[in-house]
Structure formats: structure tokens, C-alpha cells
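**Student:** return atomic coordinates for the entry below.
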Amino acid sequence: MENKNQVSTEMGLPLESEPFFEKIKVDKWDKIFAAAYLFLGYVLWKTGQYDSFFNISGFVILYIAVVSLYCFVKGFHINGEKIFWSIILLGVGIPYGYYSIMPLTQLGMLAVVGAYWTLVMTDALVLDGKTSSWVLLDVWYALIILPFSNFLCQIRVLLQSLFSKTQKRTGAMVLLGIGISLPVLVIILPVLSQADAGFSRMLKSLLGNIFDGGLFLQLCIEIPIMLILSSLMFGTVYGGIYQRNIEKDLCKEHREISGEGLHIIPDVAVYTFAGIIGFTYILFIAFQAKYLFSACAGILPESFTYAEYARQGFFELCGITAFNVLLLLFMNTFTKTITRENKVLSVINIAFSAVTILLLITAMSKLGMYIAAYGFTIKRIQAGVFMIWLFLVLFMIIWHQKRKIPLVRWAVFSGAVLFTLLCILPLEAMLS
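**Tutor:** Now for the predicted structure:
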């Protein structure tokens, strides 16, 4: 594995950190798949230009097939993690070719999952090749670092295959032959055109299609785009296979053990912070108890319609819930004493999670009353699924205080499954 190559940056963008003509690790399979990725880049460019199965759906299947075959011949083995993310990628990608209730969100998630899946297949995730609390770092590597820092790897592999020691002389002779033939063709083609009218018409038609028919301009546009797309995709998979520009030492310094992280804030400061925030929530619930929990009893407050009651404060409560999850992550990551040794922090985690669940129940009750009055819509289903995922995460946090579990890993898995279900299920047909 190549760990010596580091990411150099200029203006914040990752660049190749070694001379272009310095040889990199290449075997016969790298050469074959570097060429195959040229076709993959062309297919990606053409994706979406035709209203058929071979748009996003076809490309996803082709991409999975190419990457899986590449990893197989390079000696990578299948495990449960790879199967799971393959199913998620298929579940997000294939339905997009037929319908989507959230096209932009689904397309963006498809790009994230596709890049992340490539790292999963090449065992390149930063912590033991598994989804972990370093998932955001893994996504950063998959989407930004590996594609751009290994951008020139494809062309370098192809050039090394064309100009290896055994083929260098042959390649040079071929180029010499092409160079010699060009001036000769300039001389003989006009003569042959004058000698035969049919040949002259064929030559004029060919040159006309190339230069007057727009083919030349089309090729000038498509070839660079194809090279850029294929280089980015190949850079990700090649970087994953050879561990190029992946820094795993960071995880060794701050290894994930039952919630360990960057523990730099004194415990008392975290306790004070949690107490102030918690007291604020208690005051809010105490003053608004009748209004907040009337939805749980199915009672509509006076002077409110169902729509007004459901909308007022709903998104704010969902936002507070999501924010509380981030607060819990912050406290558990930065408090000086790690979670498994900090009983006070465990109590704070349970209390915060319980209060957040209470707020989430009120938001869901409002949504339930609104649905009971006006029925389901796509947006209401999406909001409901998001709240279900928040419930799951909060219960995981409470469970984590009693039994140490891979919290972030399970949260990511559950979120991926719920999002994929939204992509797969024909909700519009079910609601019509």
C-alpha cells in the first residue's frame, strides 16, 4: 500500500503531490480498468441525455459492476458491510431512473453514497474499513480528497502501459509511422479524388460530417469532459485500493472506544453548560405544557385550526430536536472525562434525550392531528420518517449509557435504510 504520498494543497484544493512522470504502482488489472473507466466516464456524460432506462439507473448498475469486478480481481473480499451499502446504493439509484419524490436530494445522496460505497468496497474507510464515528471524514475523502488528489492517476496508468520498457520502442515507432503518413496523405488524397468521382464524393462527405456537421466540435467538447469524469472516478477507486492520500494515523491517535474523542473541555464547564440549557427547556415545557401536550390528547386549542396548530412551532420543535442531538454529540466528544467513566455525563445524556423525546412527541402529535384531518402528503410522510429516525437516534443514545454500542454506525445505518425506503416505495401511487 502507498502511504508515503500525502495531500498537498494550494488554495484549499488537493493536488498531486509527486512528479507527473514518476512511476506509480500499476499491474495489468489497473491498466485494463483505467481504460474501462474511459467508457464509464463517457456513459456518465451521456447519462440523463436520453429518456430511457440507461440514464441514472443503468449507470448505477454499470458502476457497481465495474467497481465490484475491479475489487474482485485485486483480491478484496465481500463482507456484510459491503453487501449492505451495495443494497443501499441500488435502492437509491435504480428508482431514480423511473420516478423520484425528491429529485435533487436523491441525486445528491446518490453521489455521496456512490463515493462512500467505493471506499467501502476497497476497505479504505479510516477506521478498520467500517462505518464509524469518522463517517464525515470518510465522506470527505470519498468526495473531495481521493478524486482530486489522485486525478492524474488514470492518465499516468495509461501512459505507463503504453510506454513501458517492452512497449516503448513499439509505441515510438507507431507514432513515427503516423507522423510520416500525414504529409503523404495530404499529397495523395487530392490526386485520388480527381481520379475517381465516387471516392471524391465519399471524401467530401466524410470531411463535411466532421467539420461542417458539428462532429469535430462535439468531440472537442465531449472528450475533455469524458476524461475529467473518468479521472475523478478512477482517482477514487485507485486511491482506495492503494490507500493513496488517506491519513489513518489521525484515527490511531483518537481511536473510537466507547465514545472517546477530543476530550479537551473540563467536566465542570460541560455540566454547567448542560444545566443552563436543561433548565431553559424545563421552563419552556412548564409554561407551555397545556398548549404543547394538548395534541397528545387529541385536543385542538381554542382559536386554532388544524393547519395553524400543526404548523405553528412544528418545524421549530424538529429543529430543536436535531440541535439537541448535536449538543449530545458535542458534550460526549469534548468533555475531558470519557463517557464510560463519567456517571454524571451519563445522567445528563439520559435527561437530555428524555426531554428531547418529549419535545419530539409533541411535534409528532401535531403532525398526527394534521394528517388525521387532511390526510397524507409526500412532505408529511418525509417529515414523519425524519422524526422516526430522530426517535431511533435518541433511544440509541439512552441505550448507549447502559451498554456500549457503535452509536454513530447504527445511526447512519438506520438513516440510510429509512432514506432508501423513501426512494423505493411508490408513495405517489399509494397516495393517489
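**Student:** from now on I want contacts and neighbour counts done on CA atoms only, so please keep to that.
**Tutor:** OK.
**Student:** so where is the stretch 101-250 of the chain shaky, pLDDT-wise?
**Tutor:** Low-confidence segments of the stretch 101-250 of the chain (pLDDT under 70): 163-176, 185-186, 189, 193, 196, 199, 203-204, 206-217, 249-250.
**Student:** just the buried residues of stretch 343-361, please?
**Tutor:** Residues 345-346, 348-350, 352-353, 355-361 are the ones in stretch 343-361 that count as buried (16 or more other C-alpha atoms under 10 Å).
**Student:** can you tell me how far the nearest residue to residue 150 once chain neighbours are set aside is from residue 119?
**Tutor:** Leaving aside its chain neighbours, residue 150 sits nearest to residue 235 (4.6 Å; criterion: C-alpha to C-alpha, 6 or more residues apart in numbering). Noted for residue 235: a distance of 11 Å to residue 119, by C-alpha to C-alpha, to the nearest Å.
**Student:** quick one: which of those two has more around it?
**Tutor:** Taking neighbours as other C-alpha atoms under 10 Å, residue 235 and residue 119 compare with residue 119 leading, 28 against 25.
**Student:** wait, the more buried one touches residue 140, no?
**Tutor:** No. In this structure, residue 119 is not within contact of residue 140 by C-alpha atoms under 8 Å, at 11.1 Å.
**Student:** who touches the residue most central in space within the chain in this structure?
**Tutor:** The centroid of the chain falls nearest to residue 112 when counting by C-alpha atoms, centre = their mean (1.2 Å). Remark: with contacts taken as C-alpha atoms under 8 Å, 6 or more residues apart in numbering, residue 112 is in contact with 139, 143.
**Student:** is it true that it lies in a strand?
**Tutor:** No. Using DSSP: H, G, I helix; E, B strand; the rest coil, the secondary structure at residue 112 is helix, not a strand.
**Student:** so it versus residue 243, what's the distance?
**Tutor:** From residue 112 to residue 243 the distance is 19 Å (C-alpha to C-alpha).
**Student:** report all helices and strands that whichever strand or helix holds residue 87 contacts.
**Tutor:** Here residue 87, judged by DSSP states H and E, is contained in helix 80-93. Contact partners of helix 80-93 among helices and strands, from 3 or more C-alpha pairs under 8 Å, 6 or more residues apart in numbering; DSSP states H and E: helix 56-73, helix 103-121, helix 407-424.
**Student:** what segments of the stretch 301-432 of the chain are helices?
**Tutor:** Taking DSSP state H, counting those that start in this stretch to define them, one finds helices in the stretch 301-432 of the chain at 306-311, 314-334, 343-374, 378-402, 407-424, 427-431.
**Student:** need these in CSV with distance to residue 91, can you?
**Tutor:** Shown next, in CSV, are these (distance: least, C-alpha to C-alpha, whole Å):
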stretch, distance to residue 91
helix 306-311, 32
helix 314-334, 26
helix 343-374, 27
helix 378-402, 17
helix 407-424, 6
helix 427-431, 15
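**Student:** so which of those is nearest residue 228?
**Tutor:** Closest of those to residue 228 is helix 407-424, at 29.2 Å (criterion: C-alpha to C-alpha).
**Student:** buried stuff in the closest one?
**Tutor:** By 16+ other C-alpha under 10 Å, the buried positions in helix 407-424 come out as 407-412, 414-424.
**Student:** angle of that helix against helix 314-334?
**Tutor:** Here the directions of helix 407-424 and helix 314-334 differ by 150 degrees (axes from the mean of the first three to the mean of the last three C-alpha atoms, to 10 degrees).
**Student:** so what touches helix 407-424?
**Tutor:** Helix 407-424 is contacted from outside by 88, 91-92, 95-96, 100-101, 106, 131-133, 382, 385, 389, 392-393, 396-397, 400, using C-alpha under 8 Å, 6+ apart.
**Student:** can you show me the CA trace of it as PDB?
**Tutor:** C-alpha atoms of helix 407-424 as PDB (Å, rounded to 0.1, in the frame of the first residue of the first chain):
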ATOM      1  CA  LEU A 407     -23.800   4.600  18.200                       C
ATOM      2  CA  VAL A 408     -22.800   6.600  15.100                       C
ATOM      3  CA  ARG A 409     -22.600   3.400  13.000                       C
ATOM      4  CA  TRP A 410     -26.100   2.300  13.900                       C
ATOM      5  CA  ALA A 411     -27.500   5.900  13.400                       C
ATOM      6  CA  VAL A 412     -26.000   6.000   9.900                       C
ATOM      7  CA  PHE A 413     -27.300   2.600   9.000                       C
ATOM      8  CA  SER A 414     -30.900   3.300  10.300                       C
ATOM      9  CA  GLY A 415     -30.900   6.700   8.400                       C
ATOM     10  CA  ALA A 416     -29.700   5.000   5.200                       C
ATOM     11  CA  VAL A 417     -32.400   2.400   5.400                       C
ATOM     12  CA  LEU A 418     -35.200   4.900   6.000                       C
ATOM     13  CA  PHE A 419     -34.000   7.200   3.200                       C
ATOM     14  CA  THR A 420     -33.800   4.200   0.800                       C
ATOM     15  CA  LEU A 421     -37.300   3.200   1.700                       C
ATOM     16  CA  LEU A 422     -38.500   6.700   0.700                       C
ATOM     17  CA  CYS A 423     -36.700   6.300  -2.600                       C
ATOM     18  CA  ILE A 424     -38.100   2.800  -3.300                       C
END
